[in-house]
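# Build me a structure from this.
(one chain, ligands or ions: 2)
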Amino acid sequence: MRITDIREARVSIASDIANAYISFAKMDVSVLALYTDAWVDGRQVVGYGFNSNGRYAQSGLLQERFLPRLRDAEPASLLAESGDNLDPFRIWDVLMANEKPGGHGERSVAVGIIDMAVWDIVAKVENRSLAQLLAERYGDGEPDPRVPVYAAGGYYYPGKQISALKDEMRDYLDLGYICTKMKIGGVPLAEDLGRVEAAIEVVGDASRLAVDANGRFDFRTALAFADGLAPYGVRWYEEAGDPLDYALQQQLGEHYDPPMATGENLFSHQDARNLLRYGGMRADRDILQMDPVLSYGLVEYLRILDELRKHGWSPRQCIPHGGHQFALNIAAGLKLGGNESYPRVFAPFGGFADSTPVEEGLVALPDVPGIGFEDKRELMKVFKEHLG
Ligand SMILES: O=C([O-])CC(=O)C(=O)O
Ligand SMILES: [Mg+2]
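Ligands and ions are numbered 1, 2, ... in the order given. The predicted model follows:
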């Protein structure tokens, strides 16, 4: 078996939304197709990958460094022992040859995109969903049949009123979600608390609403928001300060008892380990959001989960960032606590398979080999248009 063609393209997901830190006016993603000479059930096996929102397309790193390494590798060096499927771990080593440790930058995103496409292929060659494959290789044989998902949104839009935020939250409930998330930190505390109250009014209970500051706050502001939020009892308080400021996170945890969440901007098992060592995160309630695509792919995410276990954490405390089907398969197969979802924003990369609507906050996985993109018509259209 071999990879016969590699195609990558940049696709815009620009919109007029903003969180407390960035505008998405120029946001884009890389999409990738790896063609192979393998055929299953009369179909050529093609693996697809893309990066989650929040980091830009990785065309430069992919075209100049990582895809040439994949192209130039001896085909047999990419294969599992059996010789009839790819080996994601061997491929990871090929991609990361001559890369120094630390300073991960965004190469972790480029590698994650390739890793997603590789796992799509591996599961398709085995003719089962990635969730099933992961449960068989790393779990107890059976994936979770349904995964809890929450609707992420609640962004700042130009001129957006409280009434629009409420409409948005209502829309998510109508789509079958029970829990949602909204942005904070883009306006003064009092104004944000008004927005939080309005959202709670719609979702019905503060425990169904998470809030996300996107790393905006210094310690004093993080504490002021903590004091403002504490009486409500929101589901979690996400990325209060800079993602690498473990001391801030640790001190926040001493003041703020309800759940905190962070990790979407930690891109390696070493960074995740530092969070567990120094960030004061509490294994009985806090949520870890490392995103398998942004952080060097599933190969590295498995190392992150190993670190978690060593530090006494259950994978059930992980709810990955990104709202993509790759993480949904990982959540089901490795029995995480849930997955993010973007039902409206970042379409068609957000949301899940067409045949598995969200019901009561849970989503099933389609019975489709691989990651299941073939059951997501609008996304397949984008792949076909840009990757042939
Ligand atoms: O606004 C963003 O960058 C996305 C984000 O933080 C999230 O999904 O938690
Ligand atoms: Mg976030």
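# So which bits of the longest strand seen in the chain are buried?
In terms of residue count, the longest strand belonging to the chain (DSSP state E) is strand 28-40. By 16 or more other C-beta atoms under 10 Å, the buried positions in strand 28-40 come out as 28-36, 38. For every residue, glycine as well, the C-beta is placed using N, CA and C.
# Closest one of these to ligand 1?
residue 29 (12.7 Å; C-beta to the nearest ligand atom).
# can you pull the contacts of the closest one?
The neighbourhood of residue 29, defined by C-beta atoms under 8 Å, 6 or more residues apart in numbering, consists of 10-11, 13, 50-53, 56-57, 349.
# Would you agree residue 374 is in contact with residue 380?
Yes. Using C-beta atoms under 8 Å, residue 374 is in contact with residue 380, at 6.3 Å.
# show me where this protein has helices.
Applying DSSP state H to the chain gives helices spanning 59-61, 67-72, 88-95, 107-125, 130-138, 162-174, 189-203, 219-229, 246-255, 269-278, 297-310, 325-333, 377-387.
# residue contacts, the spatially most central residue of the chain?
Against the mean C-alpha coordinate of the chain, by C-alpha atoms, centre = their mean, the closest residue is residue 322 at 2.7 Å. Applying C-beta under 8 Å, 6+ apart, we find residue 322 in contact with 52-53, 264, 291-294, 340.
# Quick one: neighbours of the residue of the stretch 251-388 of the chain at minimum distance from ligand 1, just the number.
Of all residues in the stretch 251-388 of the chain, residue 321 sits closest to ligand 1, at 5.1 Å by C-beta to the nearest ligand atom. Neighbourhood size, residue 321 [other C-beta atoms under 10 Å]: 28.
# What's the local residue count around the residue lying closest to the residue nearest to the centre of the chain once chain neighbours are set aside?
With sequence-adjacent residues excluded and distances taken as C-beta to C-beta, 6 or more residues apart in numbering, residue 322 is closest to residue 52, at 3.5 Å. By other C-beta under 10 Å, 27 other residues sit near residue 52.
# Now do the same contact list for residue 52.
29, 291, 293-294, 321-324, 349.
# For those residues, which two are the farthest from each other?
Distances among the contacts of residue 52 were taken as C-beta to C-beta; the most separated pair is 29 and 321, at 14.1 Å.
# Point out the residues in the stretch 1-150 of the chain that sit beside ligand 1.
Contact residues, the stretch 1-150 of the chain versus ligand 1 (C-beta under 6 Å from any ligand atom): 19, 54.
# so how far is stretch 379-388 from its chain's centroid?
21 Å (C-alpha atoms, centre = their mean, to the nearest Å).
# Give me the contact list for that stretch.
7-9, 11, 31-33, 48, 348-349, 373-374.
# one more time with 6 Å, if that's ok
7, 9, 31, 33, 48, 348, 373 (C-beta atoms under 6 Å, 6 or more residues apart in numbering).
# Name all residues that make contact with the second one.
With C-beta under 6 Å, 6+ apart as the criterion, the residues that contact residue 9 are 31, 386.
# at 8 Å what do you get?
30-31, 59, 386-387.
# Just flag the most distant two among these.
59 and 387 (12.9 Å).
# got any residues that touch both of the two?
Joint contacts of residue 59 and residue 387 (C-beta under 8 Å, 6+ apart) are 8-9.
# who's more crowded, the two?
Neighbour totals were compared for residue 59 and residue 387, and residue 387 leads with 19 against 16 (other C-beta under 10 Å).
# can the buried residues of strand 28-40 go into a markdown table with extra columns for pLDDT?
Below are the buried residues of strand 28-40 laid out as a markdown table (pLDDT from 0 to 100):
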| residue | pLDDT |
| --- | --- |
| 28 | 96 |
| 29 | 97 |
| 30 | 98 |
| 31 | 98 |
| 32 | 98 |
| 33 | 98 |
| 34 | 98 |
| 35 | 98 |
| 36 | 98 |
| 38 | 98 |
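# neighbours around the nearest residue to residue 321 once chain neighbours are set aside, how many?
Leaving aside its chain neighbours, residue 321 sits nearest to residue 264 (3.5 Å; criterion: C-beta to C-beta, 6+ apart). The tally of other residues near residue 264 (other C-beta under 10 Å) stands at 24.
# can you check the one 10 residues further on too?
Using other C-beta under 10 Å, the number of residues around residue 274 comes to 15.
# Since that was my last question, I'll sign off now.
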